[in-house]
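**Student:** Here's a sequence, model it:
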Amino acid sequence: MEKLTTNIGKKLQYVFLMIPAVLFAQETTTVTLPFTFSGSVDTYFRQNIGSSNRASDPSAPNTSFANDPGFALGMFNLIAGYEGEKVGFVADLVFGPRGEDAVFLSDGNSSIVNQLYVYWNATDKLKFTFGNFNTFLGYEVISPTANFNYSTSYMFSFGPFSHTGLKADYAVTDKFSVMAAVMNPTDYTEFNPDASYTFGAQLGYTEEKWTAFLNFLVGDQDGLLDPDADVVGDTSAGTTFQVDLTAGWDVTEKWYLGLNATYNTTESGQSFLPTGISETDGPSTDFYGSALYLQYKFSETFALGARGEYFKEFNGGVGAIGTYDSGGEADVYEVTLSGNYKIGGLTIIPEFRVDTASEDVFINADRSGLKPNLASFLLAAVYSF
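**Tutor:** Purely as a prediction, here's the structure:
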C-alpha cells in the first residue's frame, strides 16, 4: 500500500509539473468549444401605492411574475447547450418562484426544466427541434433578461408559456421563414396527459431594421372526457385557436417600437351529465389584446421604455381580471414605465405601473373594499452571464 501511494504521488506531481508547460505551449492557440453556459439571477422589490400590501390581500396585477409584496425573489436560470455543426441540444433549468410559475404544469424533477430539446440542422435552410421549448407566440418571454419591462403583460400571462413536441423551421429566403409544429397540449411539458395534440405555425419576415412574426396555434388543450376516468359534473373545453402578431422596428439608432396583438378563442366542449357525456351548448370563451412598446436609448448604459396594453375577455372570461359584468365581459388597461440601467452584466430596472380595470378588482389601502385601479412601484435587479 505504501508503494502504491508513493507511485500515485509521483504521478500526480508529474501531472502538475506538466500543466504550466502545456499552458505555455498553447498560450497563442484559441480553442473554441461547442459547449455554452449562460443564465441569469433576478430579484425585486414591489410596493402598491394606494392599495394594501399585505400578502394575505393579493392586490396585484393578475399577470405572471413580480406580484409579491416587499422584497421578493425571481429565479436563477442556468442554460447549458451544445452547438455542433449539424446537431445540438439546450438544457434550460430554472430555480425560484418565477421559474416555478413558468413550469406550473410540471411535477417532480421536471419542475425545474424550462426548456429541454435537441435539434438537427438537416440543411442550411431546414432545422428540426424536438423536445420542450418556450412558446413562439407573443412578444415577451419567461427570462427577464430578454424583456425590457420586468413585470409582464396580460397577453403574455394568459397565452402559452411552453410546448413539448416537434417543430420544423424553414428559411424560404434570407428574409422570409416558415415554421410548423405538432405539440402536446399547451404547457404540459413532460408528456401528453389527454391524448390530444396542438398544432402551431409561424410566418416570419426580417428586414435590416424590423421584424414581424404571424403565429398560429390550434388544438384541444384538455382532451375529451373519458367515461372510465371522469365523473358526473366534470367538464372539458373545446378546441382553442389563437392568432398572434409580434413586430419590432428600430426607428432610429435611439428609438425602438414594438407591437403585440393577439386573439384567442376556446369553443365550448363537453359535460359529464347523469345521462352520460354530451357536447356543451354554449358560447366560446375568448380574449384579445394589443400592446405597444416604445423605448429610447439615452446612452450605452441607460434606456427608458413604456408599455401600453389593452386586454379584454368575454363570454365568461378566462380568469385574467377575475370579475365580470352581467354579460361575462371585462377589460383592463395597463401602462408600465421602466428604466434599464446597465452596470456590466447587471441591469437595474425601476418600474412604475398603473392598471385600470372595468370592474372593481383591487383592494383599497384600508382594506375596506375594492376599486378598479391600482398603481405600483417595482425595483428589480437582473444579472446575466
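**Student:** Might you report the residue contacts of the spatially closest residue to residue 255 that is not a sequence neighbour?
**Tutor:** Nearest residue to residue 255, sequence neighbours excluded (C-beta to C-beta, 6 or more residues apart in numbering): residue 296, at 5.8 Å. C-beta here means a position set from N, CA and C on the backbone, and glycine is covered the same way. Applying C-beta atoms under 8 Å, 6 or more residues apart in numbering, we find residue 296 in contact with 254, 255, 256, 303, 304, 305.
**Student:** Please repeat the previous calculation with a cut-off of 6 Å.
**Tutor:** When contacts are counted by C-beta atoms under 6 Å, 6 or more residues apart in numbering, residue 296 touches 254, 255, 304.
**Student:** Beta-bridge partners for it, please?
**Tutor:** residue 255, residue 304 (DSSP bridges).
**Student:** Tell me the pLDDT of it.
**Tutor:** Residue 296 is assigned 98 on the pLDDT scale.
**Student:** Give the buried residues for stretch 276-295.
**Tutor:** 277, 284, 285, 286, 287, 288, 289, 290, 291, 293, 295 (16 or more other C-beta atoms under 10 Å).
**Student:** Per-residue pLDDT of the fourth one, please?
**Tutor:** The model reports residue 286 with a pLDDT of 95.
**Student:** and if you look at the first one?
**Tutor:** Predicted confidence (pLDDT) for residue 277: 90.
**Student:** ok, it touching residue 226?
**Tutor:** No. Checked against C-beta atoms under 6 Å, the pair residue 277 and residue 226 is beyond contact range at 8.6 Å.
**Student:** Quickly find the element holding the residue lying closest to residue 218 once chain neighbours are set aside.
**Tutor:** Excluding the flanking residues, the one nearest residue 218 by C-beta to C-beta, 6+ apart is residue 241, at 4.8 Å. Counting by DSSP states H and E, the element that carries residue 241 is strand 239-250.
**Student:** just the CA coordinates of that strand, formatted as PDB?
**Tutor:** Extracted in PDB, the C-alpha atoms of strand 239-250 (Å, rounded to 0.1, in the frame of the first residue of the first chain):
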ATOM      1  CA  THR A 239     -60.700  23.500 -29.400                       C
ATOM      2  CA  THR A 240     -58.600  26.500 -28.800                       C
ATOM      3  CA  PHE A 241     -57.500  28.800 -31.700                       C
ATOM      4  CA  GLN A 242     -55.100  31.700 -31.300                       C
ATOM      5  CA  VAL A 243     -53.600  34.100 -33.800                       C
ATOM      6  CA  ASP A 244     -50.800  36.400 -32.600                       C
ATOM      7  CA  LEU A 245     -48.700  39.100 -34.200                       C
ATOM      8  CA  THR A 246     -45.400  40.400 -33.000                       C
ATOM      9  CA  ALA A 247     -43.300  43.100 -34.600                       C
ATOM     10  CA  GLY A 248     -40.300  45.300 -33.800                       C
ATOM     11  CA  TRP A 249     -38.900  48.300 -35.600                       C
ATOM     12  CA  ASP A 250     -35.600  50.100 -35.000                       C
END
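**Student:** Let's verify residue 101: helix, strand, or coil?
**Tutor:** helix (DSSP: H, G, I helix; E, B strand; the rest coil).
**Student:** residue contacts, it?
**Tutor:** For residue 101, the contacting residues are residue 64, by C-beta under 6 Å, 6+ apart.
**Student:** Only the buried residues of stretch 116-123, if you could.
**Tutor:** For stretch 116-123, burial by neighbour count (16+ other C-beta under 10 Å) applies to 116, 117, 119, 121.
**Student:** now swap in stretch 229-249 and tell me
**Tutor:** 236, 237, 238, 240, 241, 242, 243, 244, 245, 246, 247, 248.
**Student:** Span of stretch 112-132 from start to end?
**Tutor:** 12 Å (C-alpha to C-alpha, to the nearest Å).
**Student:** what does that stretch contact?
**Tutor:** 86-95, 133-134, 164, 166-171, 189.
**Student:** Turn the buried ones among those residues into a named PyMOL selection, would you?
**Tutor:** A single PyMOL command selects the buried members of these (16+ other C-beta under 10 Å):
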select buried, resi 88+90+91+92+93+94+95+133+134+164+167+168+169+171+189
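**Student:** re earlier: would TSV of the buried residues of stretch 229-249 with distance to residue 127 and pLDDT be doable?
**Tutor:** Below are the buried residues of stretch 229-249 laid out as TSV (distance: C-beta to C-beta, whole Å; pLDDT from 0 to 100):
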residue	distance to residue 127	pLDDT
236	35	91
237	33	92
238	33	93
240	26	96
241	26	98
242	23	98
243	24	98
244	21	98
245	23	98
246	20	98
247	23	98
248	22	98
